[in-house]
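Colleague: sequence below, structure please.
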Amino acid sequence: MDIVILGAARTAIGTFGGALAGVTPAELGTVVAKSAMERAAISPEKIGHVVFGNVINTWAQDMYLSRVAAMGAGVPETTPAMNVNRLCGSGAQAVVSATQSLMLGDCDFALAGGAESMSRAPYIVPQARWGQKMGDVSVQDMLLGTLNCPFNAVHMGITAENVAAEYGISRQDQDDFALQSQERTAHAIKEGYFADQITPVAVKKRRELVDFDRDEHPKDTTAEALAGLRPAFKKDGSVTAGNASGINDGAAALVLARAEAAEKAGLVPLARITGYAHAGVAPDVMGIGPIPAVRALLEKTGLKVDDFDVIESNEAFAAQALAVNQAGMITMCIGGGQGIAVSIERL
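Modeller: Predicted coordinates:
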């Protein structure tokens, strides 16, 4: 049974404390959900299931972000929705979960996406609920909590250091990759390659609302500037602020459908889902998760790497991206020691 993609939309990516810092994940999810349905030329009433990925709850509505975003975008209250959390792979997992619902015949059309605001990650006071009889009261940063491995309490940057050491990836290799990534991104933005993907988000700037529609995280940097940065996570390490994962805000959504339902409705698909897979790895080298995930995907689908025209791997850290590229779809590493991969075919 073929599952197809009918429409897609994303926000521009906001940097930490940047243009989207005042917008909640639920609000971001609403924007992209509405836009994805409009682009798919489908009415919200046709959506039979909604799945959204989210990791950090920034306020009460985020706890049921999928439901809030869906209804905010016009999806009927009779349509079920759920959140999924597979850390870094949460948005991809939402697509997989929606695909599974469609394959099982639970619905004909589904909305899947993900929304995150790292800028709005809260501080929590665990002792506040029942009181602190004596001693200091601690405040915990849930952003750092999310960025630390749940098994050994080390920062994700240390796992990148571990990958660099295991795969013999030098500081120079990482800086070269980071610079190339920044240059490619700047070129793509300048040439408007991302423009059709992005739906604007209205944000406050001083006393007026303006449309935020341009990725703001890319940095205008040089090889010399990158080389001058100190290691960020380990005294004699190789991972720096310049070749490490960014801290960002944003959202994206897709409309998925059973192929026969889309055809019956006269809708033209963009692509079809051809497979998906997950894998687990040692948490202290979580960045290599895409390698076994892609291997599992190839085994399930019978495809070879050479069969793919485009492979999109998340660049969590330069060390991680370089390690994965040595092995070689849409694939992401996941904190805690996992990987996810999804294959699609353009129609």
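
Colleague: going by C-alpha atoms from here, please, whenever you check contacts or count neighbours.
Modeller: Noted.

Colleague: would you map the helices across the stretch 1-150 of the chain?
Modeller: 25-40, 65-72, 90-103, 142-147 (DSSP state H, counting those that start in this stretch).

Colleague: looking at these, which is closest to P122?
Modeller: helix 142-147 (5.8 Å; CA to CA).

Colleague: contacts for the closest one next, please.
Modeller: Applying CA atoms under 8 Å, 6 or more residues apart in numbering, the external contacts of helix 142-147 come out as I56, M118, A121, P122, Y123, I124, H155, M156, G335.

Colleague: quick one: residues contacting the fifth one.
Modeller: When you say that, I think you mean Y123. V139, Q140, D141, M142.

Colleague: next one: the fourth one
Modeller: Contact criterion CA under 8 Å, 6+ apart gives N57, T58, D141, M142, L143 as the residues in contact with P122.

Colleague: measure it to N248 for me?
Modeller: As judged by CA to CA, to the nearest Å, P122 and N248 stand 15 Å apart.

Colleague: one step back: with mean pLDDT added, can I get the helices of the stretch 1-150 of the chain in a markdown table?
Modeller: Below are those laid out as a markdown table (pLDDT from 0 to 100):
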| stretch | mean pLDDT |
| --- | --- |
| helix 25-40 | 98 |
| helix 65-72 | 98 |
| helix 90-103 | 98 |
| helix 142-147 | 94 |
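
Colleague: remind me which residues of the protein are low pLDDT?
Modeller: Residues of the chain that meet the criterion pLDDT under 70 lie in 324-328.

Colleague: closest to the centroid, which residue in it?
Modeller: Centroid check for the chain by CA atoms, centre = their mean gives G91 as the closest residue, at 5.3 Å.

Colleague: wait, it sits on A98?
Modeller: No. Assessed by CA atoms under 8 Å, G91 is found out of contact with A98, at 10.8 Å.

Colleague: which neighbours do those two have in common?
Modeller: Here G91 and A98 have A112 as joint contacts, going by CA under 8 Å, 6+ apart.

Colleague: before we move on, the earlier item: okay if I get the helices of the stretch 1-150 of the chain as TSV plus distance to Q320?
Modeller: Listed next are the helices of the stretch 1-150 of the chain as TSV, based on distance: least, CA to CA, whole Å:
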stretch	distance to Q320
helix 25-40	27
helix 65-72	30
helix 90-103	18
helix 142-147	15
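
Colleague: so which of those comes closest to G192?
Modeller: helix 25-40 (18.5 Å).

Colleague: what lies in contact with the closest one?
Modeller: Around helix 25-40, the neighbours that count as contacts under CA under 8 Å, 6+ apart are 6-11, 43-44, 58, 61-62, 65-66, 68-70, 72-74, 111, 113-117, 199, 201, 250-255, 267.

Colleague: buried members of these into PyMOL, please.
Modeller: To isolate the buried members of those in PyMOL, using 16 or more other CA atoms under 10 Å:
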select buried, resi 6+7+8+9+10+11+44+58+61+62+65+66+68+69+70+72+73+74+111+113+114+115+116+117+199+201+250+251+252+253+254+255+267
